[in-house]
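J.: sequence plus the predicted model coming up.
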There are 2 protein chains.
Amino acid sequence: MSSRTKIKDIARVAGVSTATVSRALSDSSLVTHATRDKVREAASKLNYRLNVRARNLRIQKSMAVLLVVRNMSNPFYLEIFKGVEAVARAAGYVLLMGNTEDDDDRDIEYFDMLRDGQADGMILMTGKLPADHEVLQTASGMAPIVVALEAVDDCKLAHIQIDNCTAAKQAVNHLVSLGHRRIAHICGPLPEILGRLRLEGYRTAMAEAGLDIPEGYDPVGDYSIHSGKECCRQLFDREDPPTALFVANDEMAFGAIGELRRRGLGVPQDVSVIGFDDLFISESYSPPLTTISQPRMEIGQTAMTMLLDIIGARLTDPKTIEMPTELILRESTGPVIQ
Amino acid sequence: MSSRTKIKDIARVAGVSTATVSRALSDSSLVTHATRDKVREAASKLNYRLNVRARNLRIQKSMAVLLVVRNMSNPFYLEIFKGVEAVARAAGYVLLMGNTEDDDDRDIEYFDMLRDGQADGMILMTGKLPADHEVLQTASGMAPIVVALEAVDDCKLAHIQIDNCTAAKQAVNHLVSLGHRRIAHICGPLPEILGRLRLEGYRTAMAEAGLDIPEGYDPVGDYSIHSGKECCRQLFDREDPPTALFVANDEMAFGAIGELRRRGLGVPQDVSVIGFDDLFISESYSPPLTTISQPRMEIGQTAMTMLLDIIGARLTDPKTIEMPTELILRESTGPVIQ
DNA sequence: AGCCGATTTGTAATCGATTGCAAAATTGAT
DNA sequence: ATCAATTTTGCAATCGATTACAAATCGGCT
């Protein structure tokens, strides 16, 4: 491949200066239509392509955003990826994937990339902030970071979240309204705010319904299918097993249902199960899973839109957007049968 | 944030030239240990951070690879993403996500990005090549592209694939060995090579077993849960419904199982179902799905490794790596019951 | 024609690194 | 001490664009 043509070449062919070429190609109002067309013609004759690297160096932007998650292979993120990607590309940004595997050092690496200008912004879904990283200490304006679905305190950042506590209450209320009284909750990890909020919602709803939570009725899993199975086993090895399960995410709910099936317990005849997230598969699981749905694609889109606003300085003060959730009634929950 | 320190600043502080600074920081053998340390010290005192953009412009690389898929929210890709990401980051590359949504124009955009140097290489999972794109016509050496899990002809590219035909045969053979004779196949889209190969494997296996394929026993879906349901409906509305289904992917298999359940047919008592892909959820589906497993993470890792070899010119001739598949026996298949 | 102001164009600096080549410093041998 | 060979260093060009500022051109008006 012969060396690429650059604006210098166009300048020569069109008989103008490189400055004019640059202006013409970017539709600056500083060039006449005549020269603009002349330059355009030369450019297309020479098959010119802008060197993005050079331009980005000059304008001090990278036109890339970083999407950082703790585990890239979590299916929950898929729709979010898609939403972010759609908005990012529409705005001319490329999407850089970051995967921390819960490793703090990696976390820092991505923050470093942001500070070093390898990305212009970041959508953070890990819920972790490297303590007082330079990036967070810009005196002027906000750091170009949107925290999605997690919360970090100590810092003035834009957030987009759902109301986990209320959603959890709603789920439990549904079970209560079906007549269940022994309702257990399989939690997510409690160091994380998400797990805590859902647990809080569960507890509140139970208290409001005047129901006791027996010791051990809220085992902690790690959002994996396997841990759902394990927690379910614990609960049903008890003498007073629950008749309904509110599980902190769909995957653990699947694990729990598998375990129930293994024990010969029917869902929902013997036990009602309700999940959280509404994975793509939940609708057609057997039984179709009652669950809390989050508008994941919209969350991705909104997060990216917010990030663009921050980058473009249209948004300069911390702001938290709350997205609505919805309780999706399917066939894994039913009235309690004595 | 005061303007970032650059090598010029270090040069001043360390009392050397920028050339020496650059060499010292990149561990060139052209500097003495003494000056190297001196420079290093100045750099860390000044809190220096390399400007990656500037360096990339100069060395004419972007240290980024593009991963292009037709639909970002397909859960099948997750483990592949992860494999690619792991190898890429270990080699110092960042991962750019490309999502075509089956739009040819987008396809071209990503090829343009490659040509324009916005990425140094590409892992292509769409199975589509923009006809005679410049990138493909490098006289010298191969284009830095690895085609994964799809095949494109007409062109000398590196491929990584699985043996779809043999895997499909294996699946069908399993059903045959369980005594099934009326075995249907829910195909993937046939414009795509994947769908055709799996269909071919099905047909071959049936022929080898001396079994007829009635007209309409191979309905075509689009890999979605919904289309699996739809194809299943067609098959079981017949007078001679099958006793076993080999489905071209797990999602359609889920759809089919849902439809069977709706009709009051048990899996595997009444109908055996076998899928393809072994999604994360398949193991704990009810019933756990018998399926063909592909080593997805390894496929991602291997694809990226190959790409690095091409970029590094360690691999200069087209090569196809074939990854092994495995038939995973679970509970969705069983002996035929008369 | 001459002058003023508004447009349009060009010159050259700049973004922040890497690197070819020349110059300087060092080493070793005589 | 001298000189050649070798190792270290520095100068300045380069990657390919954008843009501040200066220069040129144009148009309108007297």
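T.: Perfect, thanks for sending it. Numbers count the residues shown, from 1 in each chain, chains lettered A, B, ... in the order given.
J.: who's in contact with A:Asn249?
T.: A:Phe76, A:Gly188, A:Tyr223, A:Gly275, A:Phe276, A:Asp277 (CB atoms under 8 Å, 6 or more residues apart in numbering or on different chains). For the C-beta atoms, the positions are set from N, CA and C on the backbone; glycine is no exception.
J.: out of the residues you listed, which is nearest to B:Cys232?
T.: A:Gly275 (24.8 Å; CB to CB).
J.: could you say which helix or strand holds that closest one?
T.: Secondary structure from DSSP states H and E places A:Gly275 in strand A:272-277.
J.: could you do A:Glu215 as well?
T.: Secondary structure assignment for A:Glu215, by DSSP H and E: no helix or strand.
J.: ok, now A:Glu85?
T.: In this structure, A:Glu85 sits in helix A:78-90 according to DSSP H and E.
J.: can you pull the buried residues of that helix?
T.: Of the residues in helix A:78-90, A:Leu78, A:Glu79, A:Ile80, A:Phe81, A:Lys82, A:Gly83, A:Val84, A:Glu85, A:Ala86, A:Val87, A:Ala88, A:Arg89 count as buried by neighbour count, 16 or more other CB atoms under 10 Å in any protein chain shown.
J.: which residues does the helix or strand following that helix contact?
T.: Downstream of helix A:78-90, the next assigned helix or strand under DSSP H and E is strand A:94-99. With contacts defined as CB under 8 Å, 6+ apart, strand A:94-99 is touched by A:63-72, A:81, A:84-85, A:88-89, A:106, A:110, A:113, A:118-119, A:122, B:64, B:81-82, B:85-86, B:89, B:94-97, B:113, B:118.
J.: quick one: the strands in chain A?
T.: With DSSP state E as the criterion, chain A has strands at A:64-69, A:94-99, A:121-124, A:145-148, A:158-162, A:183-186, A:244-247, A:272-277, A:290-293, A:320-323, A:326-328.
J.: any chance of TSV for these, columns mean neighbour count?
T.: Below are the strands of chain A laid out as TSV (neighbours: other CB atoms under 10 Å in any protein chain shown):
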stretch	mean neighbour count
strand A:64-69	25
strand A:94-99	23
strand A:121-124	25
strand A:145-148	26
strand A:158-162	21
strand A:183-186	28
strand A:244-247	30
strand A:272-277	28
strand A:290-293	25
strand A:320-323	14
strand A:326-328	15
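J.: so for DNA strand C, which of those strands sits nearest?
T.: Comparison of the strands of chain A against DNA strand C by CB to the nearest atom of the strand identifies strand A:64-69 as nearest, at 16.6 Å.
J.: strand partners of the closest one, parallel vs antiparallel please.
T.: Sheet pairing here is set by DSSP bridges, and for strand A:64-69 it gives strand A:94-99 (parallel), strand A:121-124 (parallel).
J.: so how far is it from its chain's centroid?
T.: Relative to its parent chain, strand A:64-69 has a centroid offset of 10 Å by CA atoms, centre = their mean, to the nearest Å.
J.: residues contacting A:Glu192?
T.: Counting by CB under 8 Å, 6+ apart, A:Glu192 touches A:Gly127, A:Glu150.
J.: got it, and A:Val336?
T.: A:Leu178, A:Gly179, A:His180, A:Arg181, A:Thr243, A:Ala244, A:Ser272.
J.: can you redo those residues as TSV with distance to B:Cys155 and pLDDT?
T.: Converted to TSV, the contacts of A:Val336 look like this (distance: CB to CB, whole Å; pLDDT from 0 to 100):
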residue	distance to B:Cys155	pLDDT
A:Leu178	59	97
A:Gly179	64	97
A:His180	61	97
A:Arg181	66	96
A:Thr243	61	97
A:Ala244	57	98
A:Ser272	55	98
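J.: buried ones among these?
T.: By neighbour count, with 16+ other CB under 10 Å, those hold A:Leu178, A:His180, A:Thr243, A:Ala244, A:Ser272 as buried.
J.: rebuild the strands of chain A as TSV, extending it with distance to A:Ala168.
T.: Formatted as TSV, these follow (distance: least, CB to CB, whole Å):
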stretch	distance to A:Ala168
strand A:64-69	23
strand A:94-99	28
strand A:121-124	23
strand A:145-148	19
strand A:158-162	11
strand A:183-186	8
strand A:244-247	7
strand A:272-277	8
strand A:290-293	8
strand A:320-323	15
strand A:326-328	10
